[in-house]
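K.L.:
Just a sequence and a predicted model for now, questions to come.
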Amino acid sequence: AAYSMSTLFSAMKPIVLTGFVKEQGLPDLWAGVLAATPFIGIASAALLGAKVAARQRFTAIVLVLGTLLAVSELATAALVALPWAVFALQFLAGLCVGLLMGVGSACITRTSVAPALFGLVDMTAVLLMSFMVAAVGLAMEQRGLPGAFQLAAGVCAVLTVLALGFSRSTPPAGDASAVEPSIHEPLTISLRHLAVVLMGVLFVTASGLGFAYMFTLADRLGLDYAVAGERIGVLLFLSAFACLAGGWCAARFGPYRPLAVAYVVCAMGWVLATQADSIAAFLGGLVLGVFSLQFCFPVLLALASSLDAAGRWAAIATPVQTSGFAWAAIVAGWLVGLWQLEAIGYACVLGMAGCLVLLRFSRPEAARSHPHALR
């Protein structure tokens, strides 16, 4: 439920951006900032994620954050003509979602099947996103920009109710090995911890650069919006299953080999998509780039969950990594403004190279001392 709230923001972003420009007459820059504001709130949740995840009153946390989230979306619908109010309310909404994702990630970390479960959760959220894109578009058509935020409030309320159905399991009496790790121990910070979090942000940002310009690239090759939307929509739907594959690979092979291969494939995909002179090459590049992104996201979350048994680092890393989708839109616009669309592919290559360097430092100290110990 919490991850689906995040993908709801992703589904709304391009549609809401257009609405702010056409209905409210805002400049493209302001509209882009408002559309990206929830992801800034999600990133800010990392500052509180570890403390909130350490709380034992799970139901109360979900109820308070879910209620604040739904109310903030309803208030945004009512105050949509006031940019500063929209900014504050959407920041609050993003903060609530980031904290909910952090709590969810901490709960997953405490299970014995964290890598596979991250993949399953991420796949479900991405599948729901493909349907929410259509729903938000319909709401915009029927009720304008306020309708999009009213729909978001309703969806968040339903997802909050679903989240309230979750209950933490307690270890069997006398099972000392199942005792929940202490949440009161000091939070350890090392080069490895920082490398894992930074690598996640860099990967999501670099691999997401082309998302904002997928339709522009398609238009350059002569695809109209209807056809491009249909093909890209099918691609995004199918890419959800790459999340499940990523979780399985992380559980089966460990995170390092799958990530290294996916980084290279992702760079190849976006270079191909931005340099393509045919529709087939463009779509082939999108398959490589988009599937790599969906594949890696749960693997990166599983890697973050391995940093501590209590799940506090997972609660920090999840919102920070998710914020990469906001930075990607901002950086992509800057790159295309300075150069051309081809710059996106080259920037992705540089980003993936940086991820490969950080991958070296994201391994435990013992593994870094023995290069062949990849797990």
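P.N.:
Alright, I've got the coordinates.

K.L.:
Apart from its chain neighbours, what residue comes closest to V71?
P.N.:
The spatially closest residue to V71, leaving aside those adjacent along the chain, is A153, at 7.7 Å (CB to CB, 6 or more residues apart in numbering). In this view, the C-beta of every residue, glycine as well, is placed from N, C-alpha and C.

K.L.:
In this structure the one you found contacts L68, no?
P.N.:
No. Counting by CB atoms under 8 Å, A153 sits too far from L68 to count as a contact (11.3 Å).

K.L.:
do you know how far F237 is from A251?
P.N.:
Distance, F237 to A251, using CB to CB, to the nearest Å: 24 Å.

K.L.:
So these two - more neighbours on which side?
P.N.:
A251 (19 against 15; other CB atoms under 10 Å).

K.L.:
What pLDDT is listed against the more buried one?
P.N.:
pLDDT, A251: 78.

K.L.:
element containing the closest residue to it other than its chain neighbours, please.
P.N.:
With sequence-adjacent residues excluded and distances taken as CB to CB, 6+ apart, A251 is closest to P115, at 4.1 Å. Here P115, judged by DSSP states H and E, is contained in helix 114-164.

K.L.:
what's the answer for V201, then?
P.N.:
Assigned by DSSP H and E, V201 belongs to helix 191-207.

K.L.:
Remind me what that helix packs against, helices and strands.
P.N.:
Applying 3 or more CB pairs under 8 Å, 6 or more residues apart in numbering; DSSP states H and E, one finds that helix 191-207 contacts helix 256-275, helix 279-305, helix 312-322, helix 324-338, helix 342-361.

K.L.:
can you give me the angle it makes with helix 324-338?
P.N.:
50 degrees (axes from the mean of the first three to the mean of the last three CA atoms, to 10 degrees).

K.L.:
Please identify the buried residues of helix 191-207?
P.N.:
Buried residues in helix 191-207, counting neighbours by 16 or more other CB atoms under 10 Å, are found at 192-193, 195-207.

K.L.:
And for stretch 83-94?
P.N.:
For stretch 83-94, a neighbour-count test (16+ other CB under 10 Å) marks P83, V86, F87, A88, L89, Q90, F91, L92, A93, G94 as buried.

K.L.:
and if you look at stretch 240-256?
P.N.:
240-251, 254-256.

K.L.:
now stretch 351-366
P.N.:
Those would be G351, M352, G354, C355, L358, L359, F361, S362, R363, for stretch 351-366 by 16+ other CB under 10 Å.

K.L.:
Excluding sequence neighbours, find me the nearest residue to the third one.
P.N.:
In space, and not counting its chain neighbours, G354 is closest to L202: 5.5 Å by CB to CB, 6+ apart.

K.L.:
got it, and the last one?
P.N.:
With CB to CB, 6+ apart as the measure, Y256 is the residue that lies nearest to R363, at 6.3 Å, once sequence neighbours are left out.

K.L.:
any idea how far Y213 is from the residue sitting nearest the centre point of the chain?
P.N.:
Centroid-nearest residue in the chain: T322, 3.5 Å away (criterion: CA atoms, centre = their mean). T322 is 20 Å from Y213, where distance means CB to CB.

K.L.:
Repeat that for L63.
P.N.:
40 Å.

K.L.:
Ok, C107 next?
P.N.:
With CB to CB as the criterion, C107 and Y213 are 36 Å apart.

K.L.:
what do you get for R110?
P.N.:
40 Å.

K.L.:
can you check A304 too?
P.N.:
Plainly put, A304 is 29 Å away from Y213 if you go by CB to CB.

K.L.:
Pass me the low-pLDDT residue ranges in the stretch 251-375 of the chain, would you?
P.N.:
309-311, 329, 365-375 (pLDDT under 70).

K.L.:
returning to that earlier point: show only the entries of the buried residues of stretch 240-256 found in helices.
P.N.:
240-251, 256 (DSSP state H).

K.L.:
and these as JSON lines, adding distance to F39?
P.N.:
Shown next, in JSON lines, are these (distance: CB to CB, whole Å):
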{"residue": "A240", "distance to F39": "20"}
{"residue": "F241", "distance to F39": "24"}
{"residue": "A242", "distance to F39": "21"}
{"residue": "C243", "distance to F39": "19"}
{"residue": "L244", "distance to F39": "24"}
{"residue": "A245", "distance to F39": "25"}
{"residue": "G246", "distance to F39": "21"}
{"residue": "G247", "distance to F39": "23"}
{"residue": "W248", "distance to F39": "28"}
{"residue": "C249", "distance to F39": "27"}
{"residue": "A250", "distance to F39": "24"}
{"residue": "A251", "distance to F39": "28"}
{"residue": "Y256", "distance to F39": "27"}
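
K.L.:
okay, and for the stretch 51-200 of the chain, where does confidence drop off?
P.N.:
Looking at the stretch 51-200 of the chain by pLDDT under 70, you get 51-56, 167-187.
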